[in-house]
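[1] Okay, predicted coordinates and the sequence, questions at the end:
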Amino acid sequence: MPPPHWRLILNGKSAGDDDLRGAVQTLRESGIALEVRVTWEDGDAERYVAEAIADGVDTVIAAGGDGTLSEVAATLAHRDANAEALPSLGLVPLGTANDFATAAGIPDGLLAALQLVREVVAAPLDLLRIDADDGIHWCANLASGGFGTEVTVETDEGLKKMLGGLAYLITGIARLGRIDPLQARLRGPDFAWEGDLIALGIGNGRQAGGGQALCPDALVDDGQLDLTIVPDLSGDVAATVGTLIKEGKHAALDRVATRIRLPWVELASDEPLTLNLDGEPVASRRFRVDCVAGRVRMHLPLACPLRLKPCA
């Protein structure tokens with residue numbers, strides 16, 4: 001039987017990581033045929049995944065943050081093939097916040113993350129398919145809008161490198177007092193909502209923006225998306241901040257938010273609304289977001305809290 005054949009697609013920002021180089025060498029010495037490709041510009045991940053499929057690669061590993069994971073997953077998702085016919089997907093967390101990896105329980109250690117891919121059988125993973133004015137997008141973790149999106153987009157790259165997820169909190173504090181609500185209309189099966197919102201989460205995963213748990217109960221294999229709408233709080237801001245301090249983020253979210261689980265949702269706005277799709281901001285006056293069940297197969301921990309069904 002030939003050795004397992006892997007292709008690691010590495011975000012160019014982490015190309016000089018010596019620990020990753022050592023972990024790759026360890027896997028090679030253990031019998032894995034592991035090749036590395038480094039992304040430098042738009043379109044690289046698409047090309048590398050196409051090459052991996054043509055080469056009969058067993059597993060494609062995204063080495064980077066949530067954006068890298070989403071980009072690699074998207075290049076698999078839009079192929080004209082079912083999940084079983086495509087390479088499985090792994091993740092080595094090398095980003096600033098690593099929201100998906102954190103929520104999923106993927107190890108921080110680079111060698112441990114690669115060993116996970118080797119030791120755990122890949123299982124079906126849902127993806128979000130987003131139809132916007134400019135075309136189709138895919139999202140592996142979470143689509144967010146409103147205050148959280150503006151914080152993520154505006155956070156300085158240098159600050160992120162120095163402080164990691166804390167950079168998002170600092171940027172958020174700097175924005176307090178100038179949160180402009182967004183007007184939107186949302187509808188789904190037996191659901192409709194219209195009004196002003198300051199934050200929106202559409203989750204396959206649970207958190208984004210360095211730990212903002214907008215969809216704290218989301219699962220990645222239930223065929224459903226988790227929708228969280230935080231309305232304009234107006235006079236409730238002080239009470240919400242008090243709850244946040246005393247009881248934690250989840251309690252504050254439960255107090256003010258509308259939360260529901262749906263197979264799809266449509267958003268509309270008179271002005272362009274920006275959704276952040278795992279780091280990719282997309283502006284549109286209308287979105288349709290569908291949860292596509294089991295679109296790819298991913299190596300996740302046996303006790304992954306994001307899974308409804310335990311991994312084999």
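    Here it is on my side, so go on. Keep in mind it's a predicted model, so treat the numbers as computed, not measured.

[2] quick one, helices of the stretch 1-150 of the chain?
    All helices of the stretch 1-150 of the chain, identified by DSSP state H, counting those that start in this stretch, fall at 18-29, 44-54, 66-77, 99-104, 110-119, 147-154.

[3] Packed most tightly, which of those would that be?
    Stretch with highest mean neighbour count among the helices of the stretch 1-150 of the chain: helix 66-77 (a mean of 26; mean count of other Cβ atoms under 10 Å). All C-beta atoms are positioned from the backbone trio N, CA, C, and that covers glycine.

[4] ok, and the closest non-adjacent residue to residue 73?
    The shortest distance from residue 73 to any non-neighbouring residue, by Cβ to Cβ, 6 or more residues apart in numbering, is to residue 140 (4.3 Å).

[5] Equivalent analysis for residue 101, please.
    For residue 101, the nearest residue in space outside its immediate sequence neighbours is residue 93; the separation is 3.7 Å by Cβ to Cβ, 6+ apart.

[6] in terms of contact, does that neighbour touch residue 114 like I think?
    No: counting by Cβ atoms under 8 Å, residue 114 is not a contact partner of residue 93; they are 11.2 Å apart.

[7] Give me the residue ranges of the stretch 1-150 of the chain where confidence is low.
    Where the stretch 1-150 of the chain drops to pLDDT under 70, the residues are 147-150.

[8] at 80 what do you get?
    Applying pLDDT under 80 to the stretch 1-150 of the chain picks out residues 1, 96, 146-150.

[9] Also the stretch 151-300 of the chain?
    By pLDDT under 80, the low-scoring segments of the stretch 151-300 of the chain are 151-181, 198, 209-212, 232-256.

[10] ok, residues contacting stretch 28-46?
    Identification of contacts with stretch 28-46 by Cβ atoms under 8 Å, 6 or more residues apart in numbering yields 2-12, 15, 24, 27, 48, 51, 68, 71-72, 75, 118.

[11] One more: stretch 116-127?
    Contacts of stretch 116-127 (Cβ under 8 Å, 6+ apart): 4, 6, 27, 32, 59, 61, 73-74, 77, 83, 88-90, 106-107, 138-140, 204, 220-223, 291-302, 307, 309, 311-312.
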